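[1] Dropping the sequence and predicted coords here.
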Amino acid sequence: MLYRHPSVPSLIRKMTLLSYQVFKAVVEQGSFQKAAEVLSLTPSAVSHAVSSMEKELGFSLFTRSKAGVALTNYGERLLPYVNAVLNSDESLQQVIAGLNGLQQGDVKVGCFSSVCTNWMTDIIRSFREKYPAIHMEIYQGTYADVEYWIRSGIVDVGFLSVSSAGELPIQPLYRDPLLCVVPKGFCKREDTPYMTPDEMKDQIFVSQMESTDADIVKFMKENDLNVRSDYHVVDDLSTIAMVAAGFGICIMPELVMNDIPYTVDTYPTFPEASRIIGISALNPALLSPAAKTLYQHVVEQYGAGYCERSEP
């Protein structure tokens, strides 16, 4: 008789909810000690729970070192399933609360920098006023971070640009024009109120990694801008600081420029270009009640911005 090793999903069903909570806490905290503090358990209890999981699964979940713990490849593959179980339990608790006339629960939201600084404070405030019993957790990162968090179940919903969402479902919210940002007093070659790709070709660019500015990379590829770039940075503020100091020019979404303390000049691009910001979820139809409530709140609050910008 052949023995078939059970699949990861079937093994997970045999474990306890506490095991999943311990696993996730260790992933998020990066250490057994910190996970124990968050869960109000002893470090030995956390270590025992992880060891029991590894014994039952038949493989290691974490690599241990003096710097802390990190997921193994097997642990990485397991994480989305564990998050799915915990999210399902959270959804169940929210449904039960809803049946009792209560709107409560936890929602985890991923966002990139300019959404975090321009939108999230208003979203948190307005959402809290309407639904005080629903708790929100905010995770800030790059487009790539947010996409990964959504796919692995670390966040319920996330803000992305349409071009960075890949195959994830995304609801467009806002059309954000791309601007060419230059040092103050920059002498344009052409006497126009906009900047063309042809005029940009002679310039040195300050650029960011592709995962950070997918829409800008897309604009450059579409306009055959194989530009020189001596300065490679990882965030918007550093990019503008380099431009303000006269080290080059850059392309930046208009929304980003609301947060910039440096003095620079900006020009619309011609042909016109923009990024479309939207809210994304792995499966919007299967969101927990609390996450679905937040999703709808965001669409109602910001969806008009996409419609207005889309009008000819």
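    Looks like it arrived, so ask away. Residues are numbered from 1 along each chain as shown.
[2] which residues sit in contact with residue 141?
    By Cβ atoms under 8 Å, 6 or more residues apart in numbering, the residues touching residue 141 are 110, 112, 149. Where C-beta positions appear, they are placed from N, C-alpha and C, glycine not excepted.
[3] Could you rerun that using 7 Å?
    Neighbouring residues of residue 141 by Cβ atoms under 7 Å, 6 or more residues apart in numbering: 110, 112.
[4] Report pLDDT for it.
    pLDDT for residue 141: 92.
[5] Show the low-confidence segments of this protein, by residue range.
    Counting by pLDDT under 70, the chain has low-confidence residues at 1-15, 94, 97-102, 209-212, 305-312.
[6] residue boundaries of the strands in it?
    For the chain, the strands defined by DSSP state E cover 62-65, 68-71, 105-111, 134-140, 157-161, 170-183, 204-208, 228-233, 250-253, 264-268, 274-280.
[7] Can I get stretch 255-268 in PDB? Just the C-alpha atoms.
    C-alpha atoms of stretch 255-268 as PDB (Å, rounded to 0.1, in the frame of the first residue of the first chain):
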ATOM      1  CA  LEU A 255       0.800  63.500  -5.500                       C
ATOM      2  CA  VAL A 256       4.400  62.900  -4.400                       C
ATOM      3  CA  MET A 257       5.200  66.600  -4.800                       C
ATOM      4  CA  ASN A 258       2.700  67.600  -2.000                       C
ATOM      5  CA  ASP A 259       5.200  66.200   0.500                       C
ATOM      6  CA  ILE A 260       8.400  67.700  -0.800                       C
ATOM      7  CA  PRO A 261      10.200  70.500   1.300                       C
ATOM      8  CA  TYR A 262      12.800  71.200  -1.500                       C
ATOM      9  CA  THR A 263      12.500  74.000  -4.000                       C
ATOM     10  CA  VAL A 264      12.300  72.700  -7.600                       C
ATOM     11  CA  ASP A 265      10.400  73.500 -10.800                       C
ATOM     12  CA  THR A 266       7.900  71.100 -12.300                       C
ATOM     13  CA  TYR A 267       6.600  70.600 -15.900                       C
ATOM     14  CA  PRO A 268       3.700  68.400 -17.200                       C
END
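[8] in that stretch, what's buried?
    Across stretch 255-268, burial judged by 16 or more other Cβ atoms under 10 Å covers 255-257, 260, 262, 264-265, 267-268.
[9] Dump these to TSV, plus distance to residue 303.
    Formatted as TSV, those follow (distance: Cβ to Cβ, whole Å):
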residue	distance to residue 303
255	16
256	21
257	23
260	26
262	32
264	31
265	32
267	29
268	24
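[10] of all these, which comes closest to residue 177?
    Closest approach between the buried residues of stretch 255-268 and residue 177, by Cβ to Cβ: residue 268, at 6.4 Å.
[11] re earlier: and the furthest pair within the buried residues of stretch 255-268?
    Top of the distance list for those (Cβ to Cβ): 262 and 268, 19.3 Å.
[12] show me the contacts for residue 241.
    With Cβ under 7 Å, 6+ apart, residue 241 has these contacts: residue 262.
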